[in-house]
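Participant: quick one, fold the following:
(2 chains)
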Number of protein chains: 2
Amino acid sequence: MTESDLPVVQLTPGRWGDPAHPVELPAAAVEALKHLGVRRPAAAQADPTDRPGLTDTTFLAELLGKEQVRTDLETRWGHTRGYSTPDLLRHRAGDTSDMPDAVVYPGSHDDVQALLTACSERRIAVVPYAGGTSVVGGLAPARRFVAVDLRRLDRLQSIDEISRTATIDAGVRGPAAEALLAEHGYTLGHFPQSYEGASIGGYAATRSSGQSSAGYGRFDQMVVGLTLATPRGTIKLGRAPMSAAGPDLRQLVLGSEGALGIITSVVVRIRPRPTERSFEGWRFESFDQGLAAIRRLAQDGPVPTVLRLSDEAETAVNLADPEVLGGSTGGVLAIVGFEGPRHPGVAEVLTAAGGQPLGEGPGETWRQGRYRAPYLRDPLLDEGALVETLETAGFWSALPALKAGVTEALVKELSEQGTPPLVLCHLSHVYETGASLYFTVISAQTDEPVAQWRKAKTAASEAIAEAGGTITHHHGVGTDHRDAYAAEIGPLAVEALQAVKRVLDPHNILNPGILIP
Amino acid sequence: MTESDLPVVQLTPGRWGDPAHPVELPAAAVEALKHLGVRRPAAAQADPTDRPGLTDTTFLAELLGKEQVRTDLETRWGHTRGYSTPDLLRHRAGDTSDMPDAVVYPGSHDDVQALLTACSERRIAVVPYAGGTSVVGGLAPARRFVAVDLRRLDRLQSIDEISRTATIDAGVRGPAAEALLAEHGYTLGHFPQSYEGASIGGYAATRSSGQSSAGYGRFDQMVVGLTLATPRGTIKLGRAPMSAAGPDLRQLVLGSEGALGIITSVVVRIRPRPTERSFEGWRFESFDQGLAAIRRLAQDGPVPTVLRLSDEAETAVNLADPEVLGGSTGGVLAIVGFEGPRHPGVAEVLTAAGGQPLGEGPGETWRQGRYRAPYLRDPLLDEGALVETLETAGFWSALPALKAGVTEALVKELSEQGTPPLVLCHLSHVYETGASLYFTVISAQTDEPVAQWRKAKTAASEAIAEAGGTITHHHGVGTDHRDAYAAEIGPLAVEALQAVKRVLDPHNILNPGILIP
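Facilitator: Model (predicted):
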């Protein structure tokens, strides 16, 4: 089974994956949660309270056709928020405060363009929606709004095999994109944890980074061209791989999270599908030892396709069977993956750096479970655990303090709330000059879990800023990181972004309140 | 002799290099020019006509110290324009229309910041100047102005050996940067043709691309952080190698050519200095055959550090001795260079693609002459030739039509003016999805060479747009490409850039007329 065989999972907010096939927690995990003081809550799922949708949808029906406009509760509730833990908790509470007032299904770039023009004239806010996988409040604007579901923009428009580029509609989801490219023998190589649900447009709008980023690069590095619909008209960018013609405006659109326009298609670099692949486990004595080894590969090569390193806590929690670590107790697990032939030089470097090869067993286990973590959050919440993830990135020299600072902040803040947490961390997404750190936090819930997490998240964000990291390496800004982002780039850069937004979106209808203060 | 041993050449506009050591044309070349109808002009260098400089320099002297402010003719004339052929022709005519009204020498970021604030209050235009090597009118604003010479910003501020980054002042010139890094065992690996004169800040502001870009990347790919002084204050960007925190605003500053602010320092990725290097020549039957071979390497690897391919005309003109091509007549020359160990896989790929190895002779000849071309333009102009270069980039599938279209446009336009040209081309700066094409044009001058070239350049620019290429891959926009650039990104994107400029530069003092219409 390869990535292109995976089905698109029709996510609906509230729970990850197909509701017909819920994932259950292992009994041992349920037992382990008790040590954190986790108790199963009494409350079940509350029904959403309806509130009136958009009353006059005539102009939308005239633009798109009547059947492409929905105001029923089920459709609207199914387009409400994304998948942060606060989102899931609000969903369980039946909270409809961020529910769209209508959902529309444009079928083409021209539809989207006409829609934005019409909504701008009427001062109606719009939020692009495809996979709906935001974990940073990217789908919860500050005003009532229309959700623009892009699922009908679902084509592989063209492939240029000589240039190795493909033009793909924004609404194409991860597995569908791989399947369409596989017919021609190509792959994008972009496999974020949200792969089964997320979309091409979402990847671009949020600067997504996949688990194979060491080999294939980030999504913003794959994009060579894009088409953006804005209330003022369409912008097309990208005549060459690289250019010295002024600032790279593609990089202004990438990461704009629907606040500057709706990306309707992208031109992406593609690569021939690999005919072989292998994933291996490696053990290191400590996170610090593993870090030095991974850095060595990232800086001097050879660089495998996947490169990640769990810390001591994550290694212990994720490995049911300690025998996986070569019979040793303790230590940390690294995953090294190759899409294409194995490069023997990698093993040489890792061995010289103190690594112990564990073979393909742990690698395959990781590969097969690589999209599984989001599924586990639902039963964990069912059990009464608070579980959330956050991530950052920094230069190599900053990473040790960044990891320690964030961990300490989370432990301190949640302990003060009476719910001491387990904090797990891994390093992934390596570059010559630095890498990303990804944290998973598990604790018992208090009576006010949304507020409980908000305090913990604020403490973690302050620790990230203190240690000089960026507020997000691949989750994006949304509403959750908006203030931290503003602090990171400074007031003058914020003003510059606001000025761009005023030009493209003079009536502030595009994802208002997201990204740009 | 390595790049870090080369001296900084103190360029002064008008002629490239050290005036004490003029370069002479080979007699054979002078003879060859006659076939193009080139005749040595009577006119010698005209003296520049003085015009009054800035009269009230008190505020500048108070900010920077009296000795850091100059209004004498020699200094101002020495900061006039750059090195396009029209620039050189105007210089020869003694044309002072673009001469600055004063030249100032700030010594620090704070000096630059204070200067911009003060000049903005007084509505005095400023143009950053370091190497002065622009070939696109990047130093000739639309108003009278003060040139801000950054030569005193000359420090390697710090090195982070763990993250492999260095913080370097904007005024450090190419060879000085290499020499400073070499003391610590590192290199930038950035060797554009303007290397001897150009500066770190200029590299960043113009999205420079060096001859080793296949291995080391473009300068905009090396920059991980930067500090920008603007009339409204300072912006610092870059907390991590990559981030999903909104648009990548570093990429908005890179390529902004002094129109959004003055870059005072950059944080760049550095690499250990290679201990070996080798440059080889390869012969292909035709440009098309060579193109296919180069594309194969760029897309599937292994990728050498330097990769370039001359077309038939450039090969014939540049090779004094046809024996270099392995005794064959015709064909084209490729240069393949390795900074670090040779990768044997490269030769395999090139041989399989029809390439014939020529050994290190032609490679070394190219390497030793790699900065020589700009020197040759001066004696060519002395002889009465019109000689100029232009470049573009496009996706691989577009390159054949791009090359043919530009060549045809130049030949047609200059022939119609009675001066049929020689048009040489090479491919360089490869990417997975495309590459750059670089053209050299030589013809006889008409009586109005500036107008003569303007028409030829317009025809070439239209051909580039027609074939879907970008107006510049590494020369930048300046004033020469401003309109073509605006057409390339479209009116809405231009409005967005203008809005950013209004925020950062409300009184339009920064390089007015450059880049942004």
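Participant: tell me the predicted confidence for residue A:401.
Facilitator: Listed pLDDT for residue A:401 reads 98.
Participant: any idea which element it lies in?
Facilitator: helix A:399-416 (DSSP states H and E).
Participant: just checking, what packs against that helix?
Facilitator: helix A:287-300, strand A:385-395, strand A:422-428, strand A:434-444, helix A:449-466 (3 or more C-beta pairs under 8 Å, 6 or more residues apart in numbering or on different chains; DSSP states H and E). For glycine as for every other residue, the C-beta is placed from the backbone atoms N, C-alpha and C.
Participant: can you state the direction angle for the shortest one and strand A:434-444?
Facilitator: Between strand A:422-428 and strand A:434-444, the angle formed by their directions is 160 degrees, by axes from the mean of the first three to the mean of the last three C-alpha atoms, to 10 degrees.
Participant: what does the longest one give?
Facilitator: For helix A:449-466 against strand A:434-444, the angle by the same axes, to 10 degrees is 150 degrees.
Participant: buried residues, the helix holding residue A:401. List them.
Facilitator: Residues of helix A:399-416 classed as buried: A:399, A:402, A:403, A:405, A:406, A:407, A:409, A:410, A:411, A:413, A:414 (neighbour count, 16 or more other C-beta atoms under 10 Å in any protein chain shown).
Participant: contacts only, for the last one.
Facilitator: For residue A:414, the contact set (C-beta atoms under 8 Å, 6 or more residues apart in numbering or on different chains) comprises A:420, A:421, A:441, A:443, A:452, A:456.
Participant: can you pick out the most distant pair from those residues?
Facilitator: Maximum pairwise distance among those (C-beta to C-beta): 12.5 Å, between A:420 and A:452.
Participant: the more surrounded of those two?
Facilitator: Taking neighbours as other C-beta atoms under 10 Å in any protein chain shown, residue A:420 and residue A:452 compare with residue A:452 leading, 23 against 16.
Participant: sec struct for the residue lying closest to the more buried one once chain neighbours are set aside, please.
Facilitator: In this structure, residue A:452 finds its nearest non-sequential neighbour in residue A:446, 4.5 Å apart by C-beta to C-beta, 6 or more residues apart in numbering or on different chains. State at residue A:446, reduced to three classes by DSSP: H, G, I helix; E, B strand; the rest coil: coil.
Participant: start to end distance for stretch A:41-48?
Facilitator: 19 Å (C-alpha to C-alpha, to the nearest Å).
Participant: likewise stretch A:340-359?
Facilitator: End-to-end distance (C-alpha to C-alpha), stretch A:340-359: 17 Å.
Participant: looking at it now, give me its mean pLDDT.
Facilitator: 95.
Participant: return the distance of that stretch from the chain's centre.
Facilitator: 29 Å (C-alpha atoms, centre = their mean, to the nearest Å).
Participant: can you tell me if it touches chain B.
Facilitator: No. Using C-beta under 8 Å from any C-beta of the partner chain, stretch A:340-359 stays clear of chain B, coming no nearer than 10.3 Å.
Participant: which parts of that stretch are buried?
Facilitator: In stretch A:340-359, counting by 16+ other C-beta under 10 Å, buried: A:340, A:342, A:343, A:346, A:347, A:349, A:350, A:353, A:355, A:358.
Participant: okay, the helices and strands packed on helix A:399-416 in JSON lines with mean pLDDT next?
Facilitator: As requested, the helices and strands packed on helix A:399-416 are arranged in JSON lines below (pLDDT from 0 to 100):
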{"stretch": "helix A:287-300", "mean pLDDT": "98"}
{"stretch": "strand A:385-395", "mean pLDDT": "97"}
{"stretch": "strand A:422-428", "mean pLDDT": "97"}
{"stretch": "strand A:434-444", "mean pLDDT": "97"}
{"stretch": "helix A:449-466", "mean pLDDT": "98"}
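Participant: any chance of the ones you listed in CSV, with distance to residue A:49 too?
Facilitator: Output for those, formatted as CSV (distance: least, C-beta to C-beta, whole Å):
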stretch, distance to residue A:49
helix A:287-300, 47
strand A:385-395, 25
strand A:422-428, 35
strand A:434-444, 28
helix A:449-466, 17
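Participant: picking that back up, just give me the closest of the buried residues of stretch A:340-359 to residue A:282.
Facilitator: residue A:355 (4.4 Å).
Participant: ok, the closest one to residue A:291 distance?
Facilitator: 12 Å (C-beta to C-beta, to the nearest Å).
Participant: flag every residue of the stretch 101-250 of chain A that's near chain B.
Facilitator: So the stretch 101-250 of chain A meets chain B at A:160, A:162-165, A:206-209, A:218, A:220, A:224, A:230, A:232-237, A:239-249 (C-beta under 8 Å from any C-beta).
Participant: the residue nearest to residue A:452 is in contact with residue A:421, isn't it?
Facilitator: No. Taking contacts as C-beta atoms under 8 Å, residue A:446 lies outside contact range of residue A:421: 11.8 Å.
Participant: what's the closest of the helices and strands packed on helix A:399-416 to residue A:25?
Facilitator: With C-beta to C-beta as the yardstick, what comes closest out of those is strand A:385-395 (9.3 Å).
Participant: other SSEs contacting the closest one?
Facilitator: helix A:85-92, helix A:373-383, helix A:399-416, strand A:434-444, helix A:449-466.
Participant: low-confidence stretches in chain A?
Facilitator: A:1, A:43-44, A:319-328 (pLDDT under 70).
Participant: and residue A:307, that's in a strand?
Facilitator: Yes. The assignment for residue A:307, made by three-state DSSP, places it in a strand.
Participant: please say which of residue A:446 and residue A:421 ends up with more neighbours.
Facilitator: Neighbours per residue (other C-beta under 10 Å) separate residue A:446 from residue A:421, with residue A:421 holding more: 24 against 16.
Participant: tell me how many other residues crowd the closest residue in space to the more buried one that isn't next to it in sequence.
Facilitator: Spatial nearest neighbour of residue A:421, excluding adjacent residues (C-beta to C-beta, 6+ apart): residue A:443 at 3.7 Å. Residue A:443 has 28 neighbours, counted by other C-beta under 10 Å.
Participant: residue A:443 and residue A:257, how far apart?
Facilitator: Applying C-beta to C-beta, the value for residue A:443 to residue A:257 is 29 Å.
Participant: buried residues in stretch A:64-83, which are they?
Facilitator: A:64, A:68-71, A:73, A:75-83.
Participant: what of stretch A:437-452?
Facilitator: So stretch A:437-452, judged by 16+ other C-beta under 10 Å, has buried residues A:437-446, A:449-450, A:452.
Participant: now, the most widely separated pair of the residues you listed?
Facilitator: Among these, A:437 and A:446 lie farthest apart (C-beta to C-beta), at 26.1 Å.
Participant: what about chain B: which of the buried residues of stretch A:64-83 touch it?
Facilitator: Filtering these for proximity to chain B by C-beta under 8 Å from any C-beta leaves nothing.
Participant: contact residues of the stretch 351-500 of chain A facing chain B?
Facilitator: So far as C-beta under 8 Å from any C-beta goes, the stretch 351-500 of chain A lies against chain B at A:392-398, A:429, A:431-436, A:468-477, A:481, A:485, A:488-490, A:492-493, A:495-497, A:499-500.
Participant: need the buried ones from those residues selected in ChimeraX.
Facilitator: In ChimeraX, a selection of the buried entries from those looks like this (16+ other C-beta under 10 Å):
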select /A:392,393,394,395,396,397,398,429,431,432,433,434,435,436,468,469,470,471,472,473,474,475,476,477,481,485,488,489,490,492,493,495,496,497,499,500
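Participant: on that earlier part again, return the member of the buried residues of helix A:399-416 nearest to residue B:384.
Facilitator: Taking the buried residues of helix A:399-416 together and measuring to residue B:384 by C-beta to C-beta, the closest member is residue A:399, at 61.2 Å.
Participant: list the contacts of that closest one.
Facilitator: Residue A:399 neighbours (C-beta under 8 Å, 6+ apart): A:291, A:427, A:434, A:435, A:437.
Participant: one more time with 10 Å
Facilitator: Contacts for residue A:399 (C-beta atoms under 10 Å, 6 or more residues apart in numbering or on different chains) come out as A:287-288, A:291, A:295, A:392-393, A:427, A:434-437, A:467, A:469, B:162-163, B:240.
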